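**Q** below is the structure, and that's it, no one-letter string:
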Ligand SMILES: Nc1ncnc2c1ncn2[C@@H]1O[C@H](COP(=O)(O)OP(=O)(O)OP(=O)(O)O)[C@@H](O)[C@H]1O
């Protein structure tokens, strides 16, 4: 469960001027797979994720989640954005249990799961804190726990660590590797960051500038379980060189 299929999906935004954001996207993601979308700003990465989240509608093509056409948002697809959308007036614990409570899950069913999630994200001792008392990285940890508390079949992550400093970002990448390793949830992860895409994913889809197309799919076969130590392996560096060349990224002239 948690399978994703984009079949010839295109998206045009109409307004004063039309914007062809995505063109002919074909992408099949299997259960438990971790796929990164990598590409320049404005290439349609967020649009692709928003279609799958059910926030936007396709213009052409078919988009299936677990074999059913995506028509609206749903708890089977948990979305994590750059800034965790926490309720500032609720404690960490109340934020994490909010979704299951609203869904009518019984307290007995959500309580042990939520406690475990807080442990997994290293925030057991902050259960009673308010979001304002937390750092950006801690807030993002709560955001992830909050989404996972809904037991989604897929996690849709849109630059979730983009606003964090380099060191916090590394620790969040490690956390996500560990969470994914233990839960096996399907993940679609949007990023600009080549290192992040290689470290985390089973497969990287490189997108072109607008209109967004998938121009290259690169399987990443670095051994798992991975850790941030993988960032310095020779294999990792070889992947990076190849992707930089695919994306035509080169050192700026001095
Ligand atoms: N609601 C909208 N209405 C009109 N145009 C839009 C809308 N949403 C996105 N676009 C346009 O579609 C294109 C793709 O945007 P999108 O945000 O998906 O790109 P992105 O790859 O995620 O960029 P970034 O990495 O900068 O977030 C852009 O040109 C953007 O301006």
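**A** Arrived safely. Owing to the predicted nature of the structure, the values given are computational and were not obtained by experimental measurement.
**Q** contacting residues for the residue in the stretch 151-254 of the chain that the ligand sits nearest to?
**A** Of all residues in the stretch 151-254 of the chain, residue 210 sits closest to the ligand, with a separation of 5.4 Å (CB to the nearest ligand atom). Every C-beta, even on glycine, is put in place using the N, C-alpha and C of the backbone. Shown here is residue 210, whose contacts under the criterion CB atoms under 8 Å, 6 or more residues apart in numbering are 19, 20, 21, 42, 43, 44.
**Q** now do the longest helix along the chain: everything it contacts.
**A** Scanning the chain for the helix with the most residues, using DSSP state H, yields helix 166-183. Contact with helix 166-183 is made by 34, 120-122, 135-137, 140-141, 144, 148, 160-161, 164, 187, 196, 199-200, 224-228, as judged by CB under 8 Å, 6+ apart.
**Q** what is the mean pLDDT for that helix?
**A** For helix 166-183, the per-residue pLDDT values average out at 92.
**Q** same thing with stretch 82-93?
**A** 94.
**Q** which bits of the chain sit near the ligand?
**A** Within the chain, the positions adjacent to the ligand are 13, 15, 19, 21, 39, 41-47, 192, 210 by CB under 6 Å from any ligand atom.
**Q** from these, which land in strands?
**A** In strands, defined here by DSSP state E, the members of those are 13, 19, 21.
**Q** buried among those residues? Make that a ChimeraX selection.
**A** Buried members of these, identified by 16 or more other CB atoms under 10 Å, are gathered into one ChimeraX selection as follows:
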select :21
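**Q** in a markdown table: the ones in strands among the residues of the chain next to the ligand, plus pLDDT.
**A** Shown next, in a markdown table, are those (pLDDT from 0 to 100):
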| residue | pLDDT |
| --- | --- |
| 13 | 95 |
| 19 | 93 |
| 21 | 96 |
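**Q** any low-confidence regions in the stretch 1-150 of the chain?
**A** Counting by pLDDT under 70, the stretch 1-150 of the chain has no low-confidence residues at all.
**Q** show residues contacting stretch 38-49.
**A** Counting contacts by CB under 8 Å, 6+ apart, the residues outside stretch 38-49 that touch it are 6, 9, 11, 21-22, 25, 37, 56, 79, 156, 158, 188, 190-194, 197, 204-212, 243, 247.
**Q** what sits against residue 140?
**A** With contacts defined as CB under 8 Å, 6+ apart, residue 140 is in contact with 80, 84, 160, 161, 164, 172.
**Q** let's see that with 6 Å instead.
**A** With contacts defined as CB atoms under 6 Å, 6 or more residues apart in numbering, residue 140 is in contact with residue 84.
**Q** how about the helices in the chain?
**A** Taking DSSP H as the test, the helices found in the chain are 45-53, 92-102, 107-120, 136-148, 166-183, 194-200, 234-246.
**Q** got the buried residues for the fourth one?
**A** To tie it back to what came earlier, the one meant is helix 136-148. Judged by neighbour count (16+ other CB under 10 Å), helix 136-148 contains these buried residues: 136-148.
**Q** now the angle from that helix to helix 166-183?
**A** For helix 136-148 against helix 166-183, the angle by axes from the mean of the first three to the mean of the last three CA atoms, to 10 degrees is 20 degrees.
**Q** now swap in the last one and tell me
**A** Direction vectors for helix 234-246 and helix 166-183, defined by the same axes, to 10 degrees, enclose an angle of 110 degrees.
**Q** so which elements touch helix 234-246?
**A** Judged by 3 or more CB pairs under 6 Å, 6 or more residues apart in numbering; DSSP states H and E, the packing partners of helix 234-246 are helix 194-200.
**Q** what is the helix it packs on packed up against?
**A** Helix 194-200 makes packing contacts with strand 34-38, helix 234-246 when contacts are defined by 3+ CB pairs under 6 Å, 6+ apart.
**Q** what is the mean pLDDT for the longest one?
**A** Which is helix 234-246. On average, helix 234-246 scores 93.
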